[in-house]
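>>> sequence-free structure coming up:
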């Protein structure tokens, strides 16, 4: 727990407010409420103000949109991996399905944008869940491999069969009225999704999800279908991903097979590692760090991936618990040196 | 004569070349306690798994309340009121003890049967969970139900397994070695608990190695060896059976354990 030097060691103590607020809420003063609220407010206000701060740099506003889309995937990945126990590499599937459904609804059936995005979210979520349903009894790495196959398969199928525009994709989608709409839609839905998921995992139903992860035999013996709850978990994660995909299609006004790219499956995992798994907010912070870094590294050309890999390796070796877990610990504890 | 609540008829299960269950049959009357004993590897836990649907049987029938359980998933069988504990306890360690019971209380069966005693509408699941735990010996005054499952001793974890079953208000509980690994005093407090469950009308199957406690409780005992039923009868009949002695101790050993 504590690191040691000659004759002294570091001692960590939980702050009183942490101990009191862990189980039961008995908050006694404005100071304590501020202690609990300020990190949350910082995140909410930070994200809401971000588009305004980035006003002079339209390029970085676009980056913020990409960050949000990756954050949806990372949130879904963290929820599935750490609360339902399914390691899903299907991020690209969710994005692609969401993008294509939204594009088809918009161009073929003439759905307006405000209708095609929600419809694509729900339909895409159901579609992905149905696809993954037969794989739900699989565990661990097997589920990961199968879910990784689907986006690869979908891209090759569209290419080979030349459906949905083939390699050209579907063009001519409606764009958003202006870029503020894009940004604020994504940021606000992201925040709502984050806090809704946090509430869900701590509610009674969330305990079932955690039970499925920790000990599925006991859940079965309690008369609860684990396949059903895994499916609900996948539905939640894929709806998040499909929403991101649908928005992405409308931002680019185009849907194509590059939306089944592996980036959408891999970067959310990297973000979860950097941000801290099982915290839900960690992956979001991970995306806020990783995606802009990846943009900054464009100057390095092909060396970009090498530098990116080094940064990731550094995180895994030196801060494997993730930034959020580390930060939460520092925030909630006193540290001081004591004589041995 | 009442109808048996559970008929097990000629159940067979082979794992590759190993015949784990070879034609096991027995009847269970409502309200009874049936003990299942046998040396290690005699197929006791396989029998539990076969009855509760955790493994698929090769042939034979398990009939519960007149209904063949063939092909039903474990959670469906638990939903019908036939529940089990696990030999290896794996509670949700990171959660307080009472939160462990939220999972069964959330199940369709618990919602149908109205949680615990009150019947009808269920109160907050947390309250119901603490009530169940108190009933089963978690002292509320010393805050045991609120302790993390990871900090509880084995005796409480075994009770937690039982409580998980009780939360479903089951008709049958199959206890897979609830006495093993307990201290003498823990066991002594467990026996009245089982008696209380029986008085409340729960039918019990107890798979045990602890013969002394089991013979105090069980009305009938079934002895298994190499996947087959050797004999079945009252504890006294079983103890007197030379085949049972042979299965446990080899031939010509004194059966002084009990």
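All right, it came through fine. The model shown is predicted, which means the values in this text are computed figures rather than measured ones.
>>> which ones are touching residue 168?
All of this refers to chain A. Remark: with contacts taken as CB atoms under 8 Å, 6 or more residues apart in numbering or on different chains, residue A:168 is in contact with residue A:256. (Glycine included, C-beta is placed from N, CA and C.)
>>> right idea, wrong chain: chain B
Contacts for residue B:168 (CB under 8 Å, 6+ apart) come out as A:222, A:223, B:78, B:81, B:83, B:104, B:107, B:109, B:110, B:113.
>>> what residues sit buried inside the least confident helix or strand in chain B by mean pLDDT?
Lowest by mean pLDDT, DSSP states H and E among the helices and strands of chain B is helix B:242-249, with a mean of 78. Judged by neighbour count (16 or more other CB atoms under 10 Å in any protein chain shown), helix B:242-249 contains these buried residues: B:244, B:245, B:247, B:248.
>>> from chain A, how far off is residue B:79?
Noted for residue B:79: a distance of 4 Å to chain A, by CB to the nearest CB, to the nearest Å.
>>> quick check, pLDDT for that residue.
Per-residue confidence (pLDDT) for residue B:79: 91.
>>> my guess is it meets residue A:222, correct?
No: checked against CB atoms under 8 Å, the pair residue B:79 and residue A:222 is beyond contact range at 9.3 Å.
>>> quick one, what contacts residue A:256?
By CB under 8 Å, 6+ apart, the neighbours of residue A:256 are A:165, A:167, A:168, A:169, A:170.
>>> do that again at 10 Å, thanks
When contacts are counted by CB atoms under 10 Å, 6 or more residues apart in numbering or on different chains, residue A:256 touches A:96, A:99-100, A:103, A:155, A:158, A:164-171, A:249.
>>> please check those and keep the buried ones.
Buried among the contacts of residue A:256 by 16+ other CB under 10 Å: A:96, A:99, A:100, A:103, A:155, A:158, A:164, A:165, A:169, A:170, A:249.
>>> nearest spatial neighbour of the third one, chain-adjacent residues omitted?
With CB to CB, 6 or more residues apart in numbering or on different chains as the measure, residue A:255 is the residue that lies nearest to residue A:100, at 5.2 Å, once sequence neighbours are left out.
>>> could you do the fourth one as well?
What sits nearest to residue A:103 in space, not counting adjacent residues and going by CB to CB, 6+ apart, is residue A:255, at 3.6 Å.
>>> check what pLDDT that neighbour gets.
Here, the pLDDT recorded for residue A:255 equals 88.
>>> correct me if wrong: residue B:139 contacts residue B:97.
No: the criterion here is CB atoms under 10 Å, and residue B:139 misses it with residue B:97 at 11.5 Å.
>>> would you mind giving both backbone torsions of the residue nearest to the spatial centre of chain B?
Nearest residue to the geometric centre of chain B (CA atoms, centre = their mean): residue B:175, 1.6 Å. Main-chain dihedrals, residue B:175, degrees, to the nearest 10: phi -100, psi 120.
>>> tell me the bridge partners for it.
residue B:206 (DSSP bridges).
>>> now the host helix or strand of residue A:102: average pLDDT?
Using DSSP states H and E, the element containing residue A:102 is helix A:91-107. The average pLDDT within helix A:91-107 is 93.
>>> in the stretch 51-200 of chain A, which residue sits closest to chain B?
residue A:137 (11.0 Å; CB to the nearest CB).
>>> rewinding a little: which two of the contacts of residue A:256 have the greatest separation?
Farthest-apart pair in these is A:155 and A:171; separation 17.4 Å (CB to CB).
>>> just for chain A, where's the confidence low?
For chain A, applying pLDDT under 70 flags the ranges A:1-5, A:16-28.
>>> can you give me the helices for it?
Using DSSP state H, the helices of chain A run over A:16-22, A:30-53, A:58-79, A:91-107, A:113-132, A:140-161, A:179-202, A:204-214, A:216-221, A:226-252, A:263-275, A:281-296, A:304-318, A:323-332.
>>> wait, which of those helices is closest to residue B:44?
Nearest to residue B:44, of all the helices of chain A, is helix A:216-221, at 16.9 Å by CB to CB.
>>> for the longest helix belonging to chain B, packing partners?
In chain B, with assignment by DSSP H, the single longest helix is helix B:184-199. Judged by 3 or more CB pairs under 10 Å, 6 or more residues apart in numbering or on different chains; DSSP states H and E, helix B:184-199 is in contact with strand B:33-37, helix B:125-135, helix B:154-166, strand B:172-176, strand B:203-207, helix B:211-217.
>>> let's see that with 6 Å instead.
helix B:211-217 (3 or more CB pairs under 6 Å, 6 or more residues apart in numbering or on different chains; DSSP states H and E).
>>> right, and the helix or strand after the helix it packs on?
As assigned by DSSP H and E, the chain's next helix or strand after helix B:211-217 is strand B:220-225.
>>> and the residue lying closest to residue B:234 once chain neighbours are set aside, how many neighbours does it have?
Spatial nearest neighbour of residue B:234, excluding adjacent residues (CB to CB, 6+ apart): residue B:220 at 6.3 Å. For residue B:220, the neighbour count with other CB atoms under 10 Å in any protein chain shown is 19.
>>> adding distance to chain A, write the buried residues of helix B:242-249 out as JSON lines.
Formatted as JSON lines, the buried residues of helix B:242-249 follow (distance: CB to the nearest CB, whole Å):
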{"residue": "B:244", "distance to chain A": "30"}
{"residue": "B:245", "distance to chain A": "34"}
{"residue": "B:247", "distance to chain A": "29"}
{"residue": "B:248", "distance to chain A": "29"}
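>>> between the residues you listed, which is closest to residue A:43?
Distances from residue A:43 to the buried residues of helix B:242-249, taken by CB to CB, are shortest for residue B:248, at 64.4 Å.
>>> neighbours of the closest residue to the closest one other than its chain neighbours, how many?
In space, and not counting its chain neighbours, residue B:248 is closest to residue B:39: 6.0 Å by CB to CB, 6+ apart. A count of nearby residues for residue B:39, using other CB under 10 Å, gives 14.
>>> got it, and the one 5 residues further on?
Counted with other CB under 10 Å, the neighbours of residue B:44 add up to 23.
>>> so it sits against residue B:34, correct?
No: taking CB atoms under 6 Å as the definition, residue B:44 is not a contact partner of residue B:34, at 11.9 Å.
>>> how near is the residue nearest to residue B:234 to residue A:51?
Distance, residue B:220 to residue A:51, using CB to CB, to the nearest Å: 74 Å.
>>> next: residue B:10.
In terms of CB to CB, residue B:10 sits 71 Å off from residue A:51.
>>> these two - which one has more neighbours?
Using other CB under 10 Å as the criterion, residue B:10 and residue A:51 rank with residue A:51 on top: 19 against 13.
>>> so who does the more buried one touch?
Applying CB atoms under 6 Å, 6 or more residues apart in numbering or on different chains to residue A:51 gives the contacts residue A:183.
>>> which bits of chain A sit near chain B?
Neighbours of chain B within chain A, by CB under 6 Å from any CB of the partner chain: A:204, A:207-208, A:211, A:214-215, A:219-225.
>>> are any of these buried, and which?
Buried among the residues of chain A next to chain B (16+ other CB under 10 Å): A:207, A:208, A:211, A:214, A:215, A:219, A:220, A:221, A:222, A:223, A:224, A:225.
>>> pick the one among those residues closest to residue A:280.
Ranked by distance to residue A:280 (CB to CB), those are led by residue A:207 at 15.6 Å.
>>> leaving aside the residues next to it on the chain, what's closest to the closest one?
In space, and not counting its chain neighbours, residue A:207 is closest to residue B:102: 4.6 Å by CB to CB, 6+ apart.
>>> distance check, residue A:97 against residue B:164.
Per CB to CB, residue A:97 is found 38 Å from residue B:164.
>>> of all of the stretch 151-258 of chain B, which residue lies closest to chain A?
Taking CB to the nearest CB, the stretch 151-258 of chain B has residue B:168 as its residue nearest chain A, at 5.7 Å.
>>> host element of that residue?
Here residue B:168 sits in a region with no helix or strand, counting by DSSP H and E.
>>> having no further points to raise, I will conclude here.
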